[in-house]
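Asks: Give me coordinates for this.
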Amino acid sequence: ISYDWSRSFSSSDADYYKWTQWIFELLYKKGLAYRKMAAVNWDPVDKTVLADEEIIGGRAERSGALVEKKYIAQWFFKITAYAERLLNDLDDLDWPEGIKAQQRNWIGKSEGVQFRLEVRFMGEQDYDRAWGRGVATVPEAKTMSDELEALKAEVLAGGFQPSGDPKISARADELLSKAESAAFKADRPIESESVAHAFEAASVKAGLEFNPRDKKLSFEVFTTRIDTVFGMTFCVLSPEHEIVDKIRAGVDPDHQMAIDAYRELAKAKTDTERIADDRDKTGVFTGAYAINPANNKPVPIWIADYVLAGYGTGAIMAVPGHDQRDFDFAMKFGLDVIPVIKPDQPYLKSFHKDGEFVYEQALAAYLRNVKAYNPTFVSKDSSMINSGEYDGMTYEEGTASLGRWMEGLGIGERKTQYKLRDWLISRQRYWGCPIPIIHTKDGEEQLVPVNALPVELPAVENYEPSGDGSSPLAHIPEFVNTTDLDGRLGSRETDTMGGFACSSWYFLRFCDPHNPAKAWDPERANYWMPVDCYVGGAEHAVMHLLYARFWTKVLFDEGLVNVKEPFARLENQGQVLGLTPYRKPREGESLGQGEDGVLVSFEEAKKLPESDLLWRWSRMSKSKGNVVTPDEIAATHGADALRIYLLFVAPFNADVEWKNEGVDAASKFLSRVFRFIEENKASYVENWRDLIAFEESSYVAKAIRRATHKAIRDVTKDIDEFGFNTYVSWLMKYLNALNDATPGTPSPISQETSAKSETPSEMEEGAGGEGDRSEALALSEAIETIILLLSPAAPHSADDLWESIGKAGFTYEANWPKFEPALAEDDLKTIACQVNGKLRDTFEASAKATNEELEALAKASPKVQAQLEGLTIRKIIVVPGKLVNIVAN
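Replies: Presented below is the predicted three-dimensional model:
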């Protein structure tokens, strides 16, 4: 394997990113590129946008400032439109299962029910009862409730469409008018949608104006376990949910202050920090309630940062009896826990008294040790409890029934949802592919004409952030100011695309790297694609690899490529780790997620007491100062010794803890190979292939050839399977086998004689004995073979050795050696010898030995004879090629 440098290019060249812009325009025309407001991490001191990795403990890593959430307009690619295909097509890929699992989890498909929860403010429980949920306190309200329910049933039964029956609409208007009057008498204004949603099929919403507190508010939640809805004892909104402002407007000042304070704290946390399993749950009660539609009970509405606005609906129904996060939250804030799934039988048996299940005892035990019992409470194989008329239903029955019931009410629907979010591509920085959009004065977006691409980055002296969150490009008038197709003044988009845009199609450019007229020629792409094997780090699993798959599918849909997937096979390499110094944290010092110390330089480490230091193996990087450069090792040991060590030290996909001593061992191995060739090259016969098939092999020659063909077989298999550590191991074993088989150098065969001879019988006796001739030929084959097998790992050394035996050119130009299966088989087998099932001896025997011969050899063993003394052999069991077991008493 080698690189074709004639195909190299740089993604920062305008000739390349011109075509990235062309693909952007394709996505934009298909509705797969769009702009919307989105949050970024903002450093108010350095006045710049931060990545999640640049934030530690809620503070900017560099400035130490508390990070804020800032909302700005940003560009996205609609990868969610391809979620199902990205998920399903993973099954056909020859990728590590771990990577496929990461992508499946990232896409996060879930099937469930999405339903609406109505909001009630403090004191509205009495209002609910007045409206037919309990005993009516106002006669008119009770009458109205009955009439509204009757009309609702009539509308639903008739299946009216929004264009609905005018008579129904008129009747609805009449009832709404009466409802207002009745509500006034009840001293509570009716909320328009609380009755209007019953008439959605007839399009008769009231459209009345109310104060925020009086308006009907609702939000939606999604659940994969609608069968647990009776166990909802609270619900949680993300701090950024759009309804939080509306709820805030309807609660008292104390709750408003609590909401404001909590939302400020949430701004300082990254999404990764917020959803970490091991962090303490935080949240605040809003002062408002939601009505659980399953039982019409009010449940408190909280906001908490473990719910993210970008996932699902940004709100959850909390069922602490059957969800660990919800349970932890409920325990911290003293919220109710109601199990609604029957635990499995082993758990239940200990809570039966006189044959009756004692629910209180079971619940108490569950609450004392929820982590131990939780698996018994989330089973889909159990039945529903504490769920009214649904008690006793299975998971499947309850899910189907409740789903139909909510759809019938018009408050929910069965739905498929994904965790995958659209791909945010905007970067507020100079370096990146410019986005080919012109913003007109009247707010329109226009694509830069294809014949005007590329939009190039201007030459600038200062690449620093702007200080106001915008890109440095926004402050370059010559770049920003332009005209659209109609000659109207406009401004260029000043965000640039993140690096993953340009890396989502480079493999296609490799097919046709210097084409000035096209991103690639379809014929060439069809020839080369898909990539046969992609070698890259596992850290690319849910970004680069996913984005490249997305773009390839879009291009396939447009008929621009003939493959749906870019990479047929994937192999992940491990990382090289270096020993890195950390300092123990000081009291009150903030640490990043998962860190137990503060990174220090090696110079700082020398000044610290050993008791204050923590040494950790971490990925080599310049920022950590733990890098050992390849040039250093190449200067002292040679590049080939470095390669050998890196291949041998661990499996390809495992991390490597770097130790210089390992390179010493690799260097010694190469020296042994050189010594072997030097000591034996005098016996080398260049035309050994023409002669070896006719030569009667001696025992030594057979041993050499057997070692050679086994090495070819095993090395080839290991390289194909990326087993590079065992590949090098086989080279070492092969060298040992050759040294063992050739304690002395065979007499050389005269090159002049071998060239004239057509068969071994015509060789001159003066060239050596029969054994010497066969050994020299076998050794010649071995000399070529070990050099060629070494070549992928140590190409420079292999080429030197190749030249030393008179070969021209390079090893990579030679044919890879092939093995003969018959020659790769062992002539001898190691046979285990047992007496009454216990191992007593081993011996070597011919691979073709008969059962009778193996029995005789076993009985002839002195160790076996000693064990059989005074015993009578009753039976002998032979497993050919493996063991002989003598049964005696």
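Asks: List the residue ranges of this structure that fall below the pLDDT cut-off.
Replies: Flagging of the chain using pLDDT under 70 yields the residue ranges 1, 51-54, 57, 122-215, 343-379, 590-594, 694-695, 743-771.
Asks: quick check: domain ranges of it?
Replies: Segmentation of the chain into domains, based on automatic domain parsing, reads 576-627, 647-824, 828-888.
Asks: Could you dump those into CSV with mean neighbour count added?
Replies: C-beta: built from backbone N, CA, C; applies to glycine. Listed next are those as CSV, based on neighbours: other C-beta atoms under 10 Å:
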stretch, mean neighbour count
domain 576-627, 14
domain 647-824, 18
domain 828-888, 15
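Asks: all strands of the stretch 251-400 of the chain, in order?
Replies: 284-292, 297-303, 315-318, 352-353, 356-357 (DSSP state E, counting those that start in this stretch).
Asks: wait, I meant the stretch 501-650 of the chain
Replies: Under DSSP E, counting those that start in this stretch, the stretch 501-650 of the chain gives strands at 534-535, 570-571, 576-583, 598-599, 613-619.
Asks: helices and strands around the third one, which ones?
Replies: Judged by 3 or more C-beta pairs under 8 Å, 6 or more residues apart in numbering; DSSP states H and E, strand 576-583 is in contact with strand 598-599, helix 602-607, strand 613-619, strand 656-657.
Asks: picking that back up, out of the strands of the stretch 501-650 of the chain, flag the one nearest residue 380.
Replies: Nearest of the strands of the stretch 501-650 of the chain to residue 380, taken as C-beta to C-beta: strand 570-571 at 32.9 Å.
Asks: what comes up buried for stretch 106-113?
Replies: The neighbour-count check on stretch 106-113 (16 or more other C-beta atoms under 10 Å) flags 106, 107, 108, 109, 112, 113 as buried.
Asks: okay if I get the strands of the stretch 251-400 of the chain as a markdown table plus distance to residue 545?
Replies: Formatted as a markdown table, the strands of the stretch 251-400 of the chain follow (distance: least, C-beta to C-beta, whole Å):
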| stretch | distance to residue 545 |
| --- | --- |
| strand 284-292 | 39 |
| strand 297-303 | 35 |
| strand 315-318 | 30 |
| strand 352-353 | 53 |
| strand 356-357 | 51 |
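Asks: Just name the most buried of those strands.
Replies: Of the strands of the stretch 251-400 of the chain, the one with the most neighbours on average (mean count of other C-beta atoms under 10 Å) is strand 315-318, at a mean of 24.
Asks: partner strands of that strand, parallel or antiparallel?
Replies: strand 234-237 (antiparallel) (DSSP bridges).
Asks: contact partners of whichever helix or strand comes after the strand it pairs with?
Replies: The element immediately downstream of strand 234-237 (helix or strand, assigned by DSSP states H and E) is helix 243-250. Here helix 243-250 makes contact (C-beta atoms under 8 Å, 6 or more residues apart in numbering) with 119, 121, 212-213, 215, 217, 219, 237, 255-256, 259-260, 263, 286-288, 301, 303, 315.
Asks: For the stretch 301-450 of the chain, just list every one of the helices.
Replies: Listed in chain order, the helices of the stretch 301-450 of the chain (DSSP state H, counting those that start in this stretch) span 324-333, 345-349, 359-368, 370-377, 395-409.
Asks: Could you report the distance from residue 441 to residue 804?
Replies: In this view, residue 441 and residue 804 are 76 Å apart by C-beta to C-beta, to the nearest Å.
Asks: Which parts of the stretch 601-750 of the chain are helices?
Replies: Using DSSP H, counting those that start in this stretch, helices in the stretch 601-750 of the chain cover 602-607, 630-637, 639-648, 661-680, 688-691, 699-720, 724-741.
Asks: Distance to residue 850 for those - can I get that in JSON lines?
Replies: Below are the helices of the stretch 601-750 of the chain laid out as JSON lines (distance: least, C-beta to C-beta, whole Å):
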{"stretch": "helix 602-607", "distance to residue 850": "68"}
{"stretch": "helix 630-637", "distance to residue 850": "53"}
{"stretch": "helix 639-648", "distance to residue 850": "42"}
{"stretch": "helix 661-680", "distance to residue 850": "38"}
{"stretch": "helix 688-691", "distance to residue 850": "34"}
{"stretch": "helix 699-720", "distance to residue 850": "21"}
{"stretch": "helix 724-741", "distance to residue 850": "27"}
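Asks: got a list of what the residue most central in space within the chain touches?
Replies: With distances taken as C-alpha atoms, centre = their mean, the residue of the chain nearest its centroid is residue 102 (3.0 Å). Counting by C-beta under 8 Å, 6+ apart, residue 102 touches 538, 541, 542.
Asks: so which of the residues you listed is the most crowded?
Replies: Counting neighbours by other C-beta atoms under 10 Å, the top entry in the contacts of residue 102 is residue 541, with 22 neighbours.
Asks: With adjacent residues omitted, what lies nearest to that one?
Replies: Ranked by C-beta to C-beta, 6 or more residues apart in numbering and with sequence neighbours excluded, the top spatial neighbour of residue 541 is residue 102, at 4.2 Å.
Asks: Assumed the one you found was part of a strand.
Replies: No: assignment of residue 102 by DSSP: H, G, I helix; E, B strand; the rest coil gives helix, placing it outside any strand.
Asks: how far away is it from residue 95?
Replies: 10 Å.
Asks: shared neighbours of the two, anything?
Replies: Counting by C-beta under 8 Å, 6+ apart, no residue touches both residue 102 and residue 95.
Asks: ok now stretch 256-269, how far from the chain's centre?
Replies: Computed by C-alpha atoms, centre = their mean, to the nearest Å, the chain-centroid distance of stretch 256-269 equals 32 Å.
Asks: Please read the previous query as pertaining to stretch 874-881.
Replies: 52 Å.
Asks: Dump that stretch to CSV, restricted to CA.
Replies: Extracted in CSV, the C-alpha atoms of stretch 874-881 (Å, rounded to 0.1, in the frame of the first residue of the first chain):
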residue,chain,number,x,y,z
ARG,A,874,-9.0,-51.8,29.4
LYS,A,875,-9.4,-49.3,26.5
ILE,A,876,-7.4,-46.9,24.3
ILE,A,877,-9.0,-43.9,22.8
VAL,A,878,-7.2,-42.2,19.9
VAL,A,879,-8.1,-38.7,18.5
PRO,A,880,-6.0,-38.6,15.3
GLY,A,881,-3.3,-35.9,15.2
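Asks: OK, contacts around the spatially closest residue to residue 707 that is not a sequence neighbour?
Replies: Sequence neighbours aside, residue 737 is the residue nearest to residue 707 in space, at 3.8 Å (criterion: C-beta to C-beta, 6+ apart). The contact partners of residue 737, taken as C-beta under 8 Å, 6+ apart, are 703, 707, 711.
Asks: Then residue 269?
Replies: Here residue 269 is in contact with 58, 305 (C-beta under 8 Å, 6+ apart).
Asks: Wait, residue 651 touches residue 721, no?
Replies: No: if you go by C-beta atoms under 8 Å, residue 651 and residue 721 don't touch, sitting 10.7 Å apart.
Asks: who touches both of the two?
Replies: Contacts common to residue 651 and residue 721, judged by C-beta under 8 Å, 6+ apart, are absent.
Asks: Thanks again, I'm all set now.
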